[in-house]
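Asks: no sequence on this one, just coordinates:
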């Protein structure tokens with residue numbers, strides 16, 4: 001009975017390590033689920049200690065040599081993986097040297113893709129658009145366009161989307177209440193304030209034109225690199 005607290009502590013720790021990654025994400029790490037759908041699996045080259053955090057201060061156990069683990073995240077020379085220790089399945093961090101080496105070109109592209117995702121997420125949060133974004137990313141940022149135009153020629157496919165921005169303008173109105181007394185109230189009327197035209201070439205934003213107002217601060221269009229094919 002004296003061992004129960006320790007067992008319960010380990011059980012809770014293991015569950016926490018296997019829980020939703022968004023709760024335990026390490027700052028600066030590139031999480032593969034954000035960047036592509038197919039899992040990355042590597043073989044364990046030698047018995048590998050695995051830890052709850054990237055600082056490797058809380059042990060979760062040891063991964064047996066020869067098993068194949070799924071890589072969840074990369075942070076410098078450390079990896080977050082899902083594998084099996086003696087106590088069961090665990091999810092945690094270990095030095096990359098315990099696993100099959102990753103291709104150097106893969107790591108470079110992974111970091112570039114992680115940087116791009118941070119830029120795209122920031123643009124979407126502010127409802128902005130940038131050259132180099134995909135149609136899906138523009139939709140996530142601005143919603144569906146009011147108008148679309150498509151064209152095909154020898155150079156490829158092109159498309160244009162149009163957005164209308166509206167703003168609420170205050171107007172004064174007068175009327176009578178139930179007692180017959182005259183009153184004044186403010187109502188807000190939705191009126192067009194600007195138009196944005198986005199051109200796509202082969203699925204990526206190639207030009208952004210604003211008219212009749214400003215939809216983005218400063219009139220300066222951001223440029224992001226196209227999506228990076230990590231694999």
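Replies: Perfect, I can see it now. Worth saying up front: this structure is predicted, and the values here are computed from it rather than measured.

Asks: Surely residue 162 and residue 142 touch.
Replies: No - using C-beta atoms under 8 Å, residue 162 and residue 142 do not qualify as a contacting pair, with a distance of 10.8 Å. To be clear about C-beta, it is placed using only N, CA and C from the backbone, and glycine gets the same treatment.

Asks: Which one's more surrounded, these two?
Replies: When residue 162 and residue 142 are compared on other C-beta atoms under 10 Å, the one with more neighbours turns out to be residue 142, at 18 against 14.

Asks: anything in contact with each of residue 162 and residue 142?
Replies: Counting by C-beta atoms under 8 Å, 6 or more residues apart in numbering, the common neighbours of residue 162 and residue 142 are residue 196.

Asks: For the helix or strand hosting residue 41, enumerate the helices and strands it packs against.
Replies: Mapping residue 41 onto the secondary structure by DSSP states H and E places it in strand 40-43. Strand 40-43 sits against strand 68-75, with contacts defined as 3 or more C-beta pairs under 8 Å, 6 or more residues apart in numbering; DSSP states H and E.

Asks: Neighbouring strands - and their directions - for the strand it packs on?
Replies: Pairing partners of strand 68-75, with direction, according to DSSP bridges: strand 30-31 (antiparallel), strand 40-43 (antiparallel), strand 78-85 (antiparallel).

Asks: Now it: average pLDDT?
Replies: Mean pLDDT, computed over strand 68-75, is 95.

Asks: likewise stretch 194-207?
Replies: pLDDT averaged over stretch 194-207 equals 90, rounded to a whole number.

Asks: mind listing what's buried in that stretch?
Replies: Taking 16 or more other C-beta atoms under 10 Å as the neighbour-count basis, stretch 194-207 is seen to contain the buried residues 194-200, 203-205.

Asks: what does it contact?
Replies: Contacts for stretch 194-207 (C-beta under 8 Å, 6+ apart): 129-135, 138, 142, 145, 156-165, 208-215, 226.

Asks: So among those, which ones count as buried?
Replies: Buried, going by 16+ other C-beta under 10 Å: 129-133, 135, 138, 142, 145, 158-161, 163, 165, 208, 210, 215, out of those.

Asks: Could you pull out the strands in the protein for me?
Replies: Per DSSP state E, the chain has strands spanning 30-31, 40-43, 48-51, 59-63, 68-75, 78-85, 88-95, 130-131, 147-153, 156-176, 182-201, 204-211, 222-223. These are given in chain order.

Asks: hmm, back to that, tell me, which of the strands paired with strand 68-75 is the model least confident about?
Replies: Mean pLDDT per stretch puts strand 30-31 lowest among those, at a mean of 92.

Asks: who's in contact with that one?
Replies: Strand 30-31 is contacted by residues 21, 25, 72-75, 110-111, 113-114 when judged by C-beta under 8 Å, 6+ apart.

Asks: Then stretch 41-51?
Replies: Surrounding stretch 41-51, the residues in contact under the criterion C-beta under 8 Å, 6+ apart are 56-71, 79, 81, 83, 85, 90, 92-95, 98-100, 102.

Asks: which residue sits closest to residue 177, ignoring its sequence neighbours?
Replies: The spatially closest residue to residue 177, leaving aside those adjacent along the chain, is residue 183, at 5.6 Å (C-beta to C-beta, 6 or more residues apart in numbering).

Asks: Give me the number of neighbouring residues for that neighbour.
Replies: For residue 183, the number of neighbouring residues by other C-beta under 10 Å comes to 10.

Asks: pretty sure it contacts residue 173?
Replies: No - the pair formed by residue 183 and residue 173 falls short of the contact definition of C-beta under 8 Å, at 9.4 Å.
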